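Colleague: Fold the following, please.
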Amino acid sequence: MGEIILFSENMTHNNDPDFIKFAHKMADVAGEIARQYFRTPFDVEQKSDDSPVTIADRMIEQRLREMIEAQRPQDGILGEEFGHKPTGNGLTWVLDPIDGTKSFTVGRPTFGTLIGLCEDTKPVLGLIDQPVLHERWLGVTGGSGYERGCERGAASKAFFNGKPIHTRPCAELKQAVFGTGSPSQISRDDHARFDRLDRAARYTVYQGDCYFYGLLANGSLDLIIEDQLGLYDFIALVPIIEGAGGIITDWRGRPKTLDGDPSVIAAGDEGVYSTAKDLL
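Modeller: Numbering: from 1, shown residues only. Predicted coordinates:
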């Protein structure tokens, strides 16, 4: 992992807090737990919404919550497995211990841990960690002050394993590689919606979990459209996509925040984004 931390160990909000270093520490801990269980026998339970959950999901989130409580007790926490602790200072950590639990259960390394930080409702820092492949994306929202821990003078505010990254230009949808979880995530009240996008794009790839968003930030994918997401599924992605020069909104073009709806459209280029949003 490239070294991108330049500031102090001080973890108090009023004295140049090193949020980036803290996010990395949490990702390191999460990765150790995920690797312990990856491709080993474990029970898979069904939650009330019929989504799967494993011992790794719960262990990771519990450990990250303990770290936040110990280091930053006034910060809020919103996690997939253990709910919401209200903020006492306007900052909220948003955690998805294993995004892509289905992939995790079958031994496919497209899952990842998502760690996001919001100031009020706005995502200002995001991290995707794929612990099996040892790949990590970090993004910060420019002008927020949370970029203080990034490399000095770097033009980009998104990083892959410590190196600045940028989305690729792709102005026409017919040249775009389009990713989504499944066609059912796009249908909503219009069952032809997915077909319009699928036909218009160069080709479509499926079920990449949070890994797809890292690939978009790296310039390997051009467009992602999904729906039925929880806050913990997308908050960490926003600073990464925006920091890499991309666009991420809901289907109506509104910013993705803690007040946001469950739809996402992310693109590396304004041209592809506009065309795809019109087709939606």
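
Colleague: Strands along the stretch 1-150 of the chain, start to end?
Modeller: Using DSSP state E, counting those that start in this stretch, the strands of the stretch 1-150 of the chain run over 44-46, 52-54, 76-79, 83-85, 91-99, 112-119, 122-130, 135-140.

Colleague: could you dump those strands to JSON lines with distance to Met26 and mean pLDDT?
Modeller: (Each C-beta comes from the backbone N, C-alpha and C, glycine too.) Formatted as JSON lines, the strands of the stretch 1-150 of the chain follow (distance: least, CB to CB, whole Å; pLDDT from 0 to 100):
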{"stretch": "strand 44-46", "distance to Met26": "24", "mean pLDDT": "89"}
{"stretch": "strand 52-54", "distance to Met26": "19", "mean pLDDT": "91"}
{"stretch": "strand 76-79", "distance to Met26": "11", "mean pLDDT": "97"}
{"stretch": "strand 83-85", "distance to Met26": "15", "mean pLDDT": "93"}
{"stretch": "strand 91-99", "distance to Met26": "8", "mean pLDDT": "97"}
{"stretch": "strand 112-119", "distance to Met26": "6", "mean pLDDT": "97"}
{"stretch": "strand 122-130", "distance to Met26": "8", "mean pLDDT": "97"}
{"stretch": "strand 135-140", "distance to Met26": "12", "mean pLDDT": "97"}
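
Colleague: tell me what the longest helix seen in the chain is packed against?
Modeller: Using DSSP state H to define each element, the chain has its longest helix at helix 19-37. Judged by 3 or more CB pairs under 8 Å, 6 or more residues apart in numbering; DSSP states H and E, helix 19-37 is in contact with helix 55-71, strand 112-119, strand 122-130, strand 135-140.

Colleague: Break this protein into its domains for me.
Modeller: Per the record, the chain has its domains at 19-164, 173-279, by automatic domain parsing.

Colleague: Same list, these, but as JSON lines with mean neighbour count please.
Modeller: Shown next, in JSON lines, are those (neighbours: other CB atoms under 10 Å):
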{"stretch": "domain 19-164", "mean neighbour count": "19"}
{"stretch": "domain 173-279", "mean neighbour count": "20"}
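
Colleague: tell me, which of those domains is the model least confident about?
Modeller: Per-segment mean pLDDT for the domains of the chain reaches its minimum on domain 19-164, at a mean of 91.

Colleague: wait, what's in contact with Ala23?
Modeller: Shown in contact with Ala23 (CB atoms under 8 Å, 6 or more residues apart in numbering): 115, 117, 125, 127, 138.

Colleague: try it again with 7 Å
Modeller: By CB atoms under 7 Å, 6 or more residues apart in numbering, Ala23 lies in contact with 115, 125, 127.

Colleague: Could you give the bridge partners of the first one?
Modeller: Residues in a beta bridge with Ile115, per DSSP bridges, are Leu95, Leu127.

Colleague: Look up how far His134 lies from it.
Modeller: Ile115 sits at a distance of 16 Å from His134 (criterion: CB to CB, to the nearest Å).
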